[in-house]
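Undergrad: I would like the atomic coordinates for the input below:
(chains A, B and C)
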Amino acid sequence: MSRKNNEFYARIWNAVAAIPYGRVASYGQIAELAGIARGARMVGWALGKAPDRMTLPWYRVLNAQGRISIPKGSRVRDEQIRRLTDEGVVVVDGCVDMRRYHWQPDLDELVWGPAAFGDDD
DNA sequence: AACGTGACGAGGA
DNA sequence: ATCCTCGCCACGT
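TA: Next comes the predicted model:
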């Protein structure tokens, strides 16, 4: 913040806010959506500084492997698992099945557009 | 200006 | 599959 990059954070938060309920996205994915290629690390950093993290679906952001990146023992990690589970996302040992919950904007549009429902397989 | 840091990611051992 | 190393980007000291 303090710098013009404030807009840069806004984009990240905006991208995070775009993640649909019950779905998850990776840091790298959010970075790209925010226009910051390979800026995955920045996403996590920005989320930590998010002023409105209470209303932001930060918990829907995981690493590319579908694994929660927040260290164990952290109160926040526990909250993330709790919130995801509350949305119907199955979390096992801090891991989520990306094949099932990964948010794919393109596919999402394809699925929700026509008439199908979001549950392949 | 330089070096270290982090809620990352890809690739090699 | 797990562990380690290196590359990335922007920030903090």
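Undergrad: only C-alpha atoms for contact and neighbour calcs from this point on.
TA: Noted.
Undergrad: Give me the number of neighbouring residues for the residue in chain A positioned nearest to DNA strand C.
TA: DNA strand C sits closest to A:G39 of chain A, with a gap of 4.1 Å, by CA to the nearest atom of the strand. Per other CA atoms under 10 Å, the neighbour tally for A:G39 reads 16.
Undergrad: pLDDT at it, what is it?
TA: Predicted confidence (pLDDT) for A:G39: 93.
Undergrad: Likewise for the one 4 residues further on?
TA: Confidence per residue is given as pLDDT, and for A:V43 that number is 94.
Undergrad: so how far is A:E7 from it?
TA: Distance from A:V43 to A:E7, counting by CA to CA, to the nearest Å: 13 Å.
Undergrad: okay, these two: which has more neighbours?
TA: A:V43 (25 against 11).
Undergrad: Pull the residues that contact whichever strand or helix holds the more buried one.
TA: Using DSSP states H and E, A:V43 sits within helix A:40-49. The contact list for helix A:40-49, computed with CA atoms under 8 Å, 6 or more residues apart in numbering, reads A:9, A:12-13, A:27-31, A:53, A:58.
Undergrad: in it, what's buried?
TA: A:40, A:42-44, A:46-47 (16 or more other CA atoms under 10 Å).
Undergrad: now these as a markdown table including distance to DNA strand B?
TA: Shown next, in a markdown table, are those (distance: CA to the nearest atom of the strand, whole Å):
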| residue | distance to DNA strand B |
| --- | --- |
| A:A40 | 4 |
| A:M42 | 5 |
| A:V43 | 7 |
| A:G44 | 4 |
| A:A46 | 8 |
| A:L47 | 5 |
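Undergrad: From the residues you listed, pick the one nearest A:S69.
TA: A:G44 (9.0 Å; CA to CA).
Undergrad: from the chain's centre, how far out does the helix holding A:V43 sit?
TA: Distance of helix A:40-49 from its chain centroid, counting by CA atoms, centre = their mean, to the nearest Å, is 11 Å.
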